[in-house]
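In: have a look at this prediction, sequence included:
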Amino acid sequence: MVLHRHLQTARDRFAVEFLSPPVARFSSWGACRRVAGWVAKWGHARLAEEVHARIDGRWADRWLASALNGRKNSVVMTVAHGDLAYAADRAARGAGLPLVVIFHDWWPDIPPLGQAARQREQNHFLRLHRNATASLPVSEGMRSALGSHPAARVLYPIPSVDDAANALPRGANDRPFRVLYAGNVSEYGPMVATALQESLCNPGIRFEVSGSDPKWSSTFRDAMRAGGLWLDFLPRPKLEEWFRSADAFLVPLVFDPAFRRRMETSFPSKLTEFSRYGRPLVIWGPEYGSAVRWARETEEAICVTSPRPADLMKELDRLAGDNSLREEMGHRARRAYETRFHPKLLQRVFEESVLAAVGPSGGKDAMDDTPRSRVS
């Protein structure tokens, strides 16, 4: 969704082409990739991922080299997530083209790898950052973890173009106080479930969740659905209507130490999305989380850094009972949107980075001219 928003907006300035390499049926690397797929089906996910890490996306090299052969005034763009990012790096260097890399997640910590394989993957991930002509980390935490780079700029997740300026606040005495969360209910499912359970003991707080396939028991799912506290997938118009009914938004970060590096480096896309509505943002996560660090610096969100759901409810109770605090934090959330997260601001960072990667041949004035650069 984030890439779609950037590329769709840039189509009147860039010619955008998507390169999707097929797996060569008779290549040795393609055969290795198929073997890894079979190993995964037999229940050996870790071994399969270690094979994939060794293959390093080489199954795509020949096709990408052919696709980029003879290209001029072009930029290769990739997302540092999966083996094709490394293939894109090799292809760009082979074709003598600039490379723009977006870093949204700390990829080395995502696949199930052994310690040695994970270290190799991390070394390659960091090398991808160094090789990039322009690097776009998603947060200050990601930029710091990746290391120095002469053309690195933080690019927060771009929200919808609708700025929700006509979203009206609910009355000060409306009860219960409605706190909404939408998004990932797989990794965040267990902690969101504890917040739901705790909210049932507090009649002044109504916590609602929207997301597909949460990691909950069928009994708990049924109970939350029956109470209208869990909504499965909502089409965009219904989701917007639901967002506009909020008194506050919850942005969770996982407390599990196994996720520490990912929480330090990723940045919740829903935070930038929620800020549009001018409602208080409540970040529930560890002190080292990138969103918590952002909030400490800007004071544009409330932080709850205790993993206990009772402490979260206590803070939500305080917010619900303090009209001036609620109004102030709503204004600060909207200010974050207008000064940091507005789509026009983030799109400009994206396009300036692409054009800077092209260099003088791409045209310094291409931001307001006809398309001169191709993004692949």
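Out: Nice, thanks for sending it over.

In: the helices in the stretch 251-376 of the chain, which residues?
Out: 260-265, 269-274, 290-298, 309-321, 323-336, 343-358 (DSSP state H, counting those that start in this stretch).

In: measure the most centrally placed residue in the chain to Ser160 for me?
Out: With distances taken as Cα atoms, centre = their mean, the residue of the chain nearest its centroid is Ser269 (4.9 Å). Ser269 is 11 Å from Ser160, where distance means Cβ to Cβ, to the nearest Å. The way it works is simple: take the backbone N, C-alpha and C, and place the C-beta from them, glycine included.

In: likewise for Phe125?
Out: Here the criterion is Cβ to Cβ. By it, Phe125 lies 30 Å from Ser160.

In: now do Leu355
Out: Computed as Cβ to Cβ, the Leu355 to Ser160 distance reads 24 Å.

In: more neighbours: the two, which one.
Out: Leu355 (21 against 14; other Cβ atoms under 10 Å).

In: gap between the more buried one and Val100?
Out: Distance from Leu355 to Val100, by Cβ to Cβ: 10 Å.

In: and for the nearest residue to Ala295 once chain neighbours are set aside, the neighbour number?
Out: In this structure, Ala295 finds its nearest non-sequential neighbour in Ala301, 3.9 Å apart by Cβ to Cβ, 6 or more residues apart in numbering. Applying other Cβ under 10 Å, we find 23 residues neighbouring Ala301.

In: so who does Ala301 touch?
Out: Ala301 makes contacts with 251, 271, 280-283, 291, 294-295, 329, 332-333, 336, as judged by Cβ atoms under 8 Å, 6 or more residues apart in numbering.

In: and it, what pLDDT?
Out: Ala301 is assigned 97 on the pLDDT scale.

In: before we move on, what about Val51?
Out: Here, the pLDDT recorded for Val51 equals 72.

In: distance of it from Ala152?
Out: 32 Å.

In: can you check Val101 too?
Out: From Val101 to Ala152 the distance is 10 Å (Cβ to Cβ).

In: list residues touching both of these two?
Out: Shared contacts of Val101 and Ala152 (Cβ under 8 Å, 6+ apart): 129, 134-136.

In: okay, and the helix or strand of the chain with the least pLDDT?
Out: strand 373-375 (a mean of 62; mean pLDDT, DSSP states H and E).

In: check which residues of stretch 225-235 are buried.
Out: 230-231, 234 (16 or more other Cβ atoms under 10 Å).

In: next one: stretch 234-246
Out: Using 16+ other Cβ under 10 Å as the test for burial, stretch 234-246 gives 234, 240, 242-244, 246.

In: looking at the shared contacts of Val101 and Ala152, which is nearest Leu113?
Out: Nearest to Leu113 out of the shared contacts of Val101 and Ala152 is His129 (Cβ to Cβ; 19.0 Å).

In: counting by contacts, list what the one helix or strand that closest one maps to packs against.
Out: His129 belongs to helix 115-131 when assigned by DSSP states H and E. Secondary-structure packing of helix 115-131 (3 or more Cβ pairs under 8 Å, 6 or more residues apart in numbering; DSSP states H and E): helix 45-55, helix 84-95, strand 99-103.
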